[in-house]
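Undergrad: Dropping the sequence and predicted coords here.
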Amino acid sequence: MRGKQAAGASALVLAALMVAGCGSASAEPEPTGEATQADTTEEDTARDVAACKAVSDVMTIADNADIALSEGRMAAQEQRGWYDVATRVLDRIPSTGDDAVSQGVADLKETAPPLTPGTGAEPLGIGSDAWGNALATLAEPCLAVDAELTYHVFTGG
């Protein structure tokens, strides 16, 4: 996994939410016949690519929060808030298929579920051994669909 420089935390979060939670409307009518295997494969691949890119956005949110905390530019409370955002973005990534990417996303969701608002609970999972193992397991299937897991470092100076 490689880090890249980028700017704009707000744009990143917005993009992550868009990729993770919004489907695109199609102007074309639904086909009336059965889908061919090629169509299903293309749709599955597109879903996997979108899921891998959304996981990369989750990684970016968490990793930049970790960096800012370690450099003293953020308090632990703010880091937990960013982890909360990351778990909500993760929760919005579809993981309904039975392929390796869907299973990897499901494993991440199980490791780091979103918090229930107002509970004051600590976001668990991000940064844990189980989190790292789930990301490592997901890395290969994402690479296979040409959507390498990456994170973009934009904090610091």
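TA: In hand now; what should we look at?
Undergrad: where does the protein dip in pLDDT?
TA: Scanning the chain for pLDDT under 70 picks out 1-40, 117-124, 157.
Undergrad: distance of Asp107 from Glu43?
TA: 22 Å (Cβ to Cβ, to the nearest Å). Any C-beta I mention is one placed from the backbone N, CA and C, and that applies to glycine too.
Undergrad: Mind checking which of these two has more residues around it?
TA: Asp107 (18 against 12; other Cβ atoms under 10 Å).
Undergrad: My understanding was that Met145 contacts Glu42; is that so?
TA: One thing to correct before we go on: residue 145 is Val, not Met. No. Taking Cβ atoms under 8 Å as the definition, Val145 is not a contact partner of Glu42, at 11.1 Å.
Undergrad: For those two, indicate the residue with more neighbours.
TA: Taking other Cβ under 10 Å, Val145 and Glu42 do not tie; Val145 has more neighbours (19 against 12).
Undergrad: roughly how far apart are that one and Ala68?
TA: Going from Val145 to Ala68 by Cβ to Cβ gives 31 Å.
Undergrad: Could you do Ala54 as well?
TA: Counting by Cβ to Cβ - Ala54 and Ala68 are separated by 22 Å.
Undergrad: Those two - which one has more neighbours?
TA: More crowded of Ala54 and Ala68, by other Cβ under 10 Å: Ala54, with 24 against 19.
Undergrad: Within the helices and strands, which one has that one?
TA: Take DSSP states H and E as the rule and Ala54 turns out to sit in helix 37-70.
Undergrad: So which bits of that helix are buried?
TA: By 16 or more other Cβ atoms under 10 Å, the buried positions in helix 37-70 come out as 44-45, 47-69.
Undergrad: you'd agree Asp146 is in a helix?
TA: No. According to DSSP: H, G, I helix; E, B strand; the rest coil, Asp146 belongs to no helix; its state is coil.
Undergrad: Isn't it up against Val49?
TA: Yes. Counting by Cβ under 8 Å, Val49 is a contact partner of Asp146 at 7.2 Å.
Undergrad: Cool, thanks, talk later.
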